[in-house]
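*Asks:* Make a model of this:
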Amino acid sequence: MPAPPLMSLEEARHRILSDVQPLRSESLPIGEALGRVLAADTTALLTLPPWDNSAMDGFAVRSEDVVTASTGTPVRLVVVGEVAAGHVPAVRAGPGAAVRILTGAMLPPGTDAVVPVEDTDAAPGLSGLPEQVGIHVAAAPGAHIRRAGSDIRQGELLLPAGTRIGPAAVAALVATGHVEVEVHRRPRVAIMATGDELRPLGEPLGPASIPDSNSESIAAQVLAAGAEPLRLGIAIDDTEAVRERIVEGILAADVLVATGGVSVGARDVVKEVFEEVGSLDLWRVAIQPGKPLAFGSAVRPDGGTCLLFGLPGNPVSSFVTFELFVRPVLRRLRGEPGTQGRPMVRGVLDAPVTKSEQRRAFIRVRLSEVPDETGRYHAALAGGQGSHVLSALAVANGLAIIREGLAGLPAGAEVEVIRLDVETA
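*Replies:* Residues are numbered from 1 along each chain as shown. Below you'll find the model as predicted:
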């Protein structure tokens, strides 16, 4: 029976993502929410700043008292007290009076401006409270004052749903009164490698064995995508062994990723098992590396769905197909907007490349640190482009795209490049 025609990247990705919805939400303490994605619009619970406060160390004054102040003719004011951050002012400033104030402290009643200490004759740093202070500059109303609500007011939108929580978002959430936050659950991804030749990390190798690098690299990609890896180990090239591992993964995970066993060899059984335990929705995509890609789904006993990915066994192919197809699914499950999450830049090839004319190629390149005056990056080939050449993948920071219908491109050709070293929302 002839193999089905190759599916385009766009069609495959559309079919994979068409029914994927964000996972349910959960409430987490702020300290555990870093990297998670907000499940709902989040408003400020407190006004920020909560009250008028000083932006400088200096003296709170009545602006009308210092309109004539200058270095040559300073205005002298009586210092009636001091207020520091975390304390309610205990004094009120009347005409001709000033209050020493520290950064972040509440503005004392009666004052409407702050004069920085360096614009006075007071000693900076630690010093006793002076009886008087000479003001060397005029201060307009509101000078060096942070007004209440000038950042955000209670009830206003702070962060929209779909925002990935970074350190700055943590600061904003805590400052506006949040103790917990509603975020999408992290996807659980079961990882299985297939192959009689594979040995687990750290085990002795036989004369025909190799380390199982795929399980570790896929687990690293899963973690980098903000999901939780669940290692199923290695299944030998046997239908029953593969089925046992796949069923275990379906019961435990939202996504299952199997590497190897999806081509047309006599022992490639993964896609057949997908059809046994669920459905096989697509197979074979017109990309290079990574043509043999299997995707399907299975229903768990709890009614949930586990998405099934069968990636090629060659390590570069598994990496690229994860990047192109699995990673967008994990972003969608996490509640992030968009799909790929990687920026595209323009690059110029430094060497000629060849490829299959029927497939879209993703060439491992090393981009220059900065673009040239035209906005294009220099794209040097990272090394050999065979699907087994991990050394080139290890140093690449981009995938240069050469579309279908081309057998290659010459040196100097302009290409689109996916940045592998940059994450965007």
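
*Asks:* How about the contacts made by Gly375?
*Replies:* Contact criterion Cβ atoms under 8 Å, 6 or more residues apart in numbering gives Arg346 as the residues in contact with Gly375. (C-beta placed from N, C-alpha, C; glycine too.)

*Asks:* name the element it belongs to?
*Replies:* Of the helices and strands defined by DSSP states H and E, none includes Gly375.

*Asks:* Give me the distance between it and Ile363.
*Replies:* Gly375 sits 20 Å away from Ile363, taking Cβ to Cβ, to the nearest Å as the criterion.

*Asks:* before we move on, what about Arg76?
*Replies:* Computed as Cβ to Cβ, the Arg76 to Ile363 distance reads 74 Å.

*Asks:* So for those two, which sits in the more crowded spot?
*Replies:* Counting neighbours by other Cβ atoms under 10 Å for Arg76 and for Ile363 shows that Ile363 has the greater number, 26 against 12.

*Asks:* I'd assumed Leu381 was in contact with that one.
*Replies:* Yes: using Cβ atoms under 8 Å, Ile363 and Leu381 qualify as a contacting pair, with a distance of 7.0 Å.

*Asks:* who touches both of the two?
*Replies:* Joint contacts of Ile363 and Leu381 (Cβ under 8 Å, 6+ apart) are Val353.

*Asks:* Chain neighbours aside, what residue packs nearest to Leu282?
*Replies:* In space, not counting the residues next to it along the chain, Leu282 is nearest to Phe295; the distance is 5.0 Å by Cβ to Cβ, 6 or more residues apart in numbering.

*Asks:* State the helix or strand in which the one you found lies.
*Replies:* Per DSSP H and E: Phe295 is located in strand 294-299.

*Asks:* just Leu256 next, same as before
*Replies:* Once you assign secondary structure using DSSP H and E, Leu256 falls within strand 255-259.

*Asks:* Repeat that for Val320.
*Replies:* When the helices and strands are read off by DSSP H and E, the one containing Val320 is helix 315-321.

*Asks:* what's next to whichever helix or strand comes after that helix, contact-wise?
*Replies:* Sequence-wise, the next helix or strand beyond helix 315-321 is helix 327-334, with elements assigned using DSSP H and E. The contact list for helix 327-334 (Cβ under 8 Å, 6+ apart) reads 13, 16-17, 20-23, 36-37, 184, 186-187, 189, 221-222, 225-227, 254-255, 307, 338-341.

*Asks:* and these, which are buried?
*Replies:* Those of the contacts of helix 327-334 that meet the buried threshold are 13, 16, 20, 22-23, 36-37, 184, 186-187, 189, 221-222, 225-227, 254-255, 307, 339, 341, by 16 or more other Cβ atoms under 10 Å.

*Asks:* Restricted to helices, list those.
*Replies:* Using DSSP state H, the members of the buried ones among the contacts of helix 327-334 that fall in helices are 13, 16, 221-222.
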